[in-house]
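Engineer: Got a predicted model here, sequence first, then my questions.
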Amino acid sequence: MNLNPSLQRYNLLSQLFHWLVAALIIGLIVTQKLHVAAPEASESAVWWIKLHISLGILLFLVVIPRILWARVSPQPAPLPGVAWTQTVAKLTHLVLNLATLLIPISGYLRVVSKGRVAEFFGTPLPSLLGESPWINDLMHILHGEPMELALYALVALHVVAAIWHQYILRDGALERMLPWGKRA
């Protein structure tokens, strides 16, 4: 990460990546809930899961350049704070980035290890492994309810921290990631 202590805000592309990932995560949560709520094996259940899979693949495809961009673009210095809070912030961001890579991979593997075709907005993707019951069993754990709850906890921690910084500490943390935020 290329830190620039004089930089007060994230650049526009970093902001775009951040909010696009947030929108995709929300879309994934909504499509998963709608899939579960639809009658089993119905047309709507199939439609929602196909959209969920497509959004997951899109998330993966967005997160890779997002991470690469964060490594090469100038980033504002971390907000001031005690060492443990900065460590928690770094760790949370690291785990969120890993989750946004690993959850789509485990979702893809969950689909294809059951011998099904994963589609990206109607385009079938080749299976990297074919039917594999033991991988499917493992992916039910890695791409199931425990991972879903862990992701909710990470996202909630991230959102609560942003709100805490913005409205309790009043250090402008949220404005650093908004295109219309205050300028330094």
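Structural biologist: Great, that's in hand.
Engineer: for this structure, which residue is closest to the average position?
Structural biologist: By Cα atoms, centre = their mean, the chain has its centre lying nearest to residue 100, at 3.8 Å.
Engineer: Now residue 118, what are its backbone angles?
Structural biologist: phi -90, psi 130 (degrees, to the nearest 10).
Engineer: pretty sure it is in contact with residue 124, am I right?
Structural biologist: Yes. Counting by Cβ atoms under 8 Å, residue 118 touches residue 124, with 7.5 Å between them. C-beta coordinates here come from the backbone N, C-alpha and C atoms, glycine included.
Engineer: Compare those two (neighbour count), which wins?
Structural biologist: Neighbour count, other Cβ atoms under 10 Å: between residue 118 and residue 124, residue 118 has more, with 21 against 9.
Engineer: which residues touch the residue nearest to residue 124 when sequence neighbours are not counted?
Structural biologist: Leaving out its chain neighbours, the residue that sits closest to residue 124 by Cβ to Cβ, 6 or more residues apart in numbering is residue 117, at 4.8 Å. Residues near residue 117 by Cβ atoms under 8 Å, 6 or more residues apart in numbering: 111, 124-125, 127.
Engineer: Helix, strand, or coil at the closest residue to residue 174 other than its chain neighbours?
Structural biologist: Leaving out its chain neighbours, the residue that sits closest to residue 174 by Cβ to Cβ, 6+ apart is residue 166, at 3.9 Å. Under DSSP: H, G, I helix; E, B strand; the rest coil, residue 166 falls in the helix class.
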